[in-house]
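[1] below: sequence and its predicted model.
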Amino acid sequence: LRLVAELRDAIERREIKLLYQPIFSTVDGSPVAVESLARWDHAERGAISPAVFVPLAEESGLIAGLGLLVLDETCRQLAEWDRLMGWAAPARANVNVSALQLDANLPPQVSAALERHGLTPSRISIEITESALMKDPDSAREILHELRDLGVELAIDDFGTGYSSLAYLRHLPVNCLKVDRSFVAELAHGHTEIASAVIALARSLNLSTVAEGVETPEQAAELTRLGATYLQGFSLSQPLTGGHAAAWFAAQG
Ligand code: G
Ligand code: G
Ligand code: MN
Ligand code: NA
């Protein structure tokens, strides 16, 4: 309960910080996008994982405020990178959205954040987990269509771990499937079947793919061979602070 009160304060004071993990093209190895990842560095308790505080925010009614903070801060950072680096800035930032944020407020909130910072909608990709989509598939589909109509990109996160039917997937206006890192980890044990099938499915639906959790050069090579569009993971880059990402992207350009 104390932690909930502290989380409320941390959100209000904008003490939840974002790190940005680069996402790389398999065509030429260049970094093209980032995923923004929330971090809470608690004064006494140390680092608290989003795997802990996002569910806590969901249970305590704080997720709306946290979601707004993450959206606004990501847009603010993109606009700052544009000013600092021009064309070398990341083309896009992926923002994670909780199942509870998937309501009628989300499209206007995204639109307002983009406008506040003077960004075109295609600079943002909204990541929604497969399980969040399946909570209320009809309502989710409607909200995704509204987001697409704005011009933002849409990605299904942790793809392959939920139970969405392929028939349902075909009617979602998404741009990208993120291959869950469990299927990338399996590559090390000679199991290419699921990663290969997800990439092939995405290609047949004209969707791009981001392979997540790439931890070795061997995995990167195998995923490139299988036809993944983008790679993300510790072997390519850790999540970076906004300042480090600026220096890092400028150096790549
Ligand atoms: O970055 P890390 O691996 O610690 O993240 C753990 C989990 O928290 C992941 O499932 C990730 O998607 C989620 N997460 C990270 N940042 C955010 C955020 O800003 N919003 C939401 N809803 N989830 C996030
Ligand atoms: O669920 P989601 O895909 O949004 O989770 C993103 C999380 O994955 C981030 O919190 C990040 O810290 C973590 N992550 C990023 N790269 C790797 C990696 O190579 N291996 C593992 N195990 N986790 C990673
Ligand atoms: Mn994600
Ligand atoms: Na994921």
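    Now that the structure is in, tell me what you want to look at. Ligands and ions are numbered 1, 2, ... in the order given.
[2] for this structure, which segments count as strands?
    16-25, 31-42, 46-48, 92-97, 124-129, 153-159, 176-179, 208-211, 230-231 (DSSP state E).
[3] ligand 4 contacts on the stretch 151-253 of the chain?
    If contacts are counted using Cβ under 5 Å from the ion, the residues of the stretch 151-253 of the chain sitting beside ligand 4 are 157, 158, 212. No exception for glycine: its C-beta is placed from N, CA and C like everyone else's.
[4] pull out the buried residues from those residues.
    Taking 16 or more other Cβ atoms under 10 Å as the criterion, what is buried in these is 157, 158, 212.
[5] mind putting the residues you listed in a markdown table, pLDDT included?
    A markdown table is the format used below for these (pLDDT from 0 to 100):
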| residue | pLDDT |
| --- | --- |
| 157 | 95 |
| 158 | 93 |
| 212 | 98 |
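[6] ok, back up a step: the residues of the stretch 151-253 of the chain next to ligand 4 also near ligand 3: which ones?
    Under the cut-off given by Cβ under 5 Å from the ion, ligand 3 has residue 157 from those close to it.
[7] now, among the residues of the stretch 151-253 of the chain next to ligand 4, which is nearest to residue 107?
    residue 157 (18.4 Å; Cβ to Cβ).
[8] that closest one contacts residue 96, doesn't it?
    Yes - counting by Cβ atoms under 8 Å, a contact exists between residue 157 and residue 96, whose distance comes to 6.8 Å.
[9] got any residues that touch both of the two?
    Applying Cβ atoms under 8 Å, 6 or more residues apart in numbering, one finds that residue 157 and residue 96 are jointly contacted by residue 127.
[10] distance of residue 105 relative to ligand 2?
    Spatial separation of residue 105 from ligand 2 under the definition Cβ to the nearest ligand atom, to the nearest Å is 21 Å.
[11] and the pLDDT for that residue?
    What the model reports for residue 105 is a pLDDT of 96.
[12] what's the neighbour count on the residue nearest to it when sequence neighbours are not counted?
    Across the structure, with Cβ to Cβ, 6 or more residues apart in numbering as the measure, the residue nearest residue 105 apart from its sequence neighbours is residue 64 (7.5 Å). Around residue 64 sit 18 other residues, with neighbours defined as other Cβ atoms under 10 Å.
[13] hang on, the earlier thing: can you redo the residues of the stretch 151-253 of the chain next to ligand 4 as TSV with distance to ligand 1?
    Putting those into TSV (distance: Cβ to the nearest ligand atom, whole Å) gives the following:
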residue	distance to ligand 1
157	6
158	7
212	10
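[14] ok, residues contacting the lowest-mean-pLDDT helix or strand in the chain?
    Across the helices and strands of the chain, mean pLDDT, DSSP states H and E gives its lowest value to helix 166-170, namely a mean of 83. Taking contacts as Cβ under 8 Å, 6+ apart, the residues outside helix 166-170 that touch it are 137, 156, 201, 205.
[15] again, only using 7 Å
    By Cβ atoms under 7 Å, 6 or more residues apart in numbering, the residues outside helix 166-170 that reach it are 137, 205.
[16] before we move on, what about stretch 232-247?
    In this structure, residues lying in contact with stretch 232-247 by Cβ under 7 Å, 6+ apart are 19-24, 34-35, 37, 77, 81, 84-85, 210-217, 220, 248.
[17] check whether residue 210 really touches residue 230, as I assumed.
    Yes - look at residue 210 against residue 230 with Cβ atoms under 7 Å: they come within range, at 4.3 Å.
[18] relative to residue 12, which of the buried ones among the residues of the stretch 151-253 of the chain next to ligand 4 is nearest.
    Distance to residue 12 across these (Cβ to Cβ) is lowest for residue 157, with 27.1 Å.
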